[in-house]
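Engineer: Sequence first, predicted model second:
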Amino acid sequence: MTTTMRDVAKAAGVSVATVSHVVNDKPGARIGDDARRRVQEAIVALGYRPNALAKTLSEGSSRFIGLVADAIATTPFAGQIIHGAQDEAWRHGFVLLVANTEGNAAAENDAIAMMLEHQVRGILYSTWYHREIEVPPPLQHTETVLVNCFAGDDSFAAVVPDEEQGGRTATEQLLAAGHRRIAFVNTTSPSPARSGRLAGYRSALEAAGIAGDDALVFEAAPQQEGGYDAAAAVIASGATAVFCHNDRVAMGLYDGLRERGLRIPDDVAVIGFDNQDVIAAHLRPPLSTVALPHYELGAAGVRTLLGLESPATGARQLIACPSVPRESV
């Protein structure tokens, strides 16, 4: 049978009100040390667990944090967002409720409604790649932090990767290795990653005193085929090093360079972006890259929701993308 607060009071020889004050750690409650000790011992001995639902109703919120995602639970590297949020929530005494909706609007609204019914502390709303979104209307009714995405009008707090810093970091790795003629194979898909990484590339060259050359900037489909198709133009440009928009593009470029008899990194250095372990760590040579900070995005989202940190300026908090040096530079 379930142990009740009355059972604990009887075992400890105190009133039910005293047990309630101890369990809820009520400020200002006048409870002697001996009585508090007896209550705590009775709780342990009887295995008493407070009624979480009743506590939620009385306090107006629960120890749950919601996370609604479009597809990150089924995307290997973006799944680290869940991992980071889960660890950080647990560190502060909260449990993460996760709903992976695969972009289904009806499922998304149902998940948000369920979380609101459970009076979650707030909701993290996340996408598997960095982009601008239209925030679901139900999120207007609770504290919300956007993770790996942002509202166009910055009306919601958001935690996103610092794409420009990442592009700068990638280019600086190539500069540090002595390269001066550096190509950039960018994506054809409009996105914060496309514009941010290009800005970082140009910023790093400018800081090194190297004039930008549009003839060294190429666009390709953001898959392996795009990198493969760009290989001939990259070679014709005379570049000694290449910064690829992502690791999949770099994988295709590897194939295109090798087919033309070029060695990596001896003839051409290559660096990617994303740090997709299933690609970057297993290419030969292993691919130097820049990581998207998915784990930290999730953790920072929880801290922002709990009011433990906030963006330095505006509504977006930028999370640094760290360098992952391997053997291709």
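Structural biologist: Structure received.
Engineer: Next, the contact list for residue 255, please.
Structural biologist: When contacts are counted by Cβ atoms under 8 Å, 6 or more residues apart in numbering, residue 255 touches 224, 227, 228, 231. Just so you know, the C-beta spots here come from the backbone N, C-alpha and C atoms, and that holds for glycine as well.
Engineer: Spatially, which residue comes closest to the last one, not counting chain neighbours?
Structural biologist: If I follow you right, that is residue 231. Spatial nearest neighbour of residue 231, excluding adjacent residues (Cβ to Cβ, 6 or more residues apart in numbering): residue 256 at 2.5 Å.
Engineer: Closest to residue 173 out of the contacts of residue 255?
Structural biologist: Set against residue 173, the nearest of the contacts of residue 255 by Cβ to Cβ is residue 227 (18.1 Å).
Engineer: could you say which helix or strand contains the closest one?
Structural biologist: Taking DSSP states H and E as the definition, one finds residue 227 inside helix 224-236.
Engineer: need the contact list for the closest residue to residue 325 other than its chain neighbours.
Structural biologist: Leaving aside its sequence neighbours, residue 325 sits nearest to residue 288 (Cβ to Cβ, 6+ apart; 5.1 Å). Contact analysis of residue 288 by Cβ under 8 Å, 6+ apart lists 173, 269, 270, 271, 272, 323, 324, 325, 326, 327, 328, 329.
Engineer: Quick check: buried residues in whichever strand or helix holds residue 8?
Structural biologist: According to DSSP H and E, residue 8 maps onto helix 5-12. Neighbour-count burial for helix 5-12, with 16 or more other Cβ atoms under 10 Å as criterion, is recorded at 5, 7, 8, 9, 11, 12.
Engineer: With stretch 121-139 instead?
Structural biologist: 121-130, 133, 135-136, 138-139.
Engineer: Quick one, grab the pLDDT at residue 74.
Structural biologist: We have a pLDDT of 67 for residue 74.
Engineer: My error: substitute residue 139 in the last question.
Structural biologist: 92.
Engineer: sec struct for it, please.
Structural biologist: Secondary structure, DSSP: H, G, I helix; E, B strand; the rest coil: residue 139 is helix.
Engineer: Pull up the gap between it and residue 72, please.
Structural biologist: To residue 72, residue 139 is 17 Å away according to Cβ to Cβ, to the nearest Å.
Engineer: Quick one: list the elements packing against the lengthiest helix in the chain.
Structural biologist: The longest helix of the chain (DSSP state H) is helix 192-207. Counting contacts by 3 or more Cβ pairs under 8 Å, 6 or more residues apart in numbering; DSSP states H and E, helix 192-207 packs against strand 123-133, helix 163-176, strand 182-187.
Engineer: between the ones you listed, which one is nearest to residue 293?
Structural biologist: Of all the helices and strands packed on helix 192-207, helix 163-176 sits nearest to residue 293, with 9.0 Å by Cβ to Cβ.
Engineer: Now do the buried residues in that closest one.
Structural biologist: Those would be 163-175, for helix 163-176 by 16+ other Cβ under 10 Å.
Engineer: Report the buried residues of stretch 190-198.
Structural biologist: By neighbour count on 16+ other Cβ under 10 Å, the buried set for stretch 190-198 is 191, 192, 193, 194, 196, 197, 198.
Engineer: typo on my end, stretch 277-294
Structural biologist: Quick answer for stretch 277-294 (16+ other Cβ under 10 Å): 279, 280, 283, 287, 288, 289, 290, 291, 292, 293, 294.
Engineer: Which of those fall within helices?
Structural biologist: 279, 280, 294.
Engineer: OK, contacts around residue 98?
Structural biologist: 66, 67, 69, 73, 82, 86.
Engineer: what about residue 329, neighbour count?
Structural biologist: 21 (other Cβ atoms under 10 Å).
Engineer: For it, which residues are in contact?
Structural biologist: Applying Cβ under 8 Å, 6+ apart, the residues near residue 329 are 173, 174, 177, 241, 265, 269, 270, 271, 288.
Engineer: hmm, try it at 10 Å
Structural biologist: For residue 329, the contact set (Cβ atoms under 10 Å, 6 or more residues apart in numbering) comprises 170, 173-174, 176-177, 179, 241, 243, 264-265, 269-271, 285, 287-289.
Engineer: Tell me how far it lies from residue 183.
Structural biologist: With distances taken as Cβ to Cβ, residue 329 is found 14 Å from residue 183.
Engineer: Also residue 164?
Structural biologist: Applying Cβ to Cβ to residue 164 and residue 183 gives a distance of 19 Å.
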